[in-house]
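Visitor: Provided below are the primary sequence and the corresponding predicted coordinates.
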Amino acid sequence: MMTSGLARLVRDGVVDNSAKQTHPGVSVFTFAMGDRALYDFIADNPAVESYPVDYVNDPAVIARNDNVVSVNATTQIDLHGAC
């Protein structure tokens, strides 16, 4: 998921994707949700690419990169602790 916060990190050079073996220098995502600045950032931007979820979340595709770091967030937790 491409968010406004991640877009700011890419724009500010904090996230540069330079160590990736697949899609080096590019932030890959399946969907985006945020403010107008996010949509302006991703429009016609060669530093971001959107792909179907079955590609982005494919373990074989992910495994092509060394030392993967994944940032995930939980937005809801039920009374049983399921996220």
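Guide: Structure's in. What do you need? Numbering: from 1, shown residues only.
Visitor: which element is Leu9 on?
Guide: If you go by DSSP states H and E, Leu9 is part of helix 4-11.
Visitor: gap between Asp44 and Val26?
Guide: Asp44 sits 14 Å away from Val26, going by CB to CB, to the nearest Å. C-beta coordinates here come from the backbone N, C-alpha and C atoms, glycine included.
Visitor: for Asp16, same thing?
Guide: Relative to Val26, and taking CB to CB, Asp16 is found at 10 Å.
Visitor: about what we covered before: Asp44 and Val26: which has the busier surroundings?
Guide: Counted by other CB atoms under 10 Å, Asp44 and Val26 do not tie: Val26 has more neighbours, with 16 against 6.
Visitor: check contacts around the more buried one.
Guide: The contact partners of Val26, taken as CB atoms under 8 Å, 6 or more residues apart in numbering, are 17, 20, 46-49.
Visitor: And for the residue lying closest to Ser4 once chain neighbours are set aside, the neighbour number?
Guide: Closest residue in space to Ser4, ignoring its immediate chain neighbours: Gly34 at 3.6 Å, by CB to CB, 6 or more residues apart in numbering. Gly34: 17 surrounding residues under other CB under 10 Å.
Visitor: check contacts around Gly34.
Guide: Here Gly34 is in contact with 2-4, 7 (CB under 8 Å, 6+ apart).
Visitor: quick check, nearest of those to Val53?
Guide: Met2 (12.9 Å; CB to CB).
Visitor: Count the residues that sit near the closest one.
Guide: The burial count for Met2: 21, using other CB under 10 Å.
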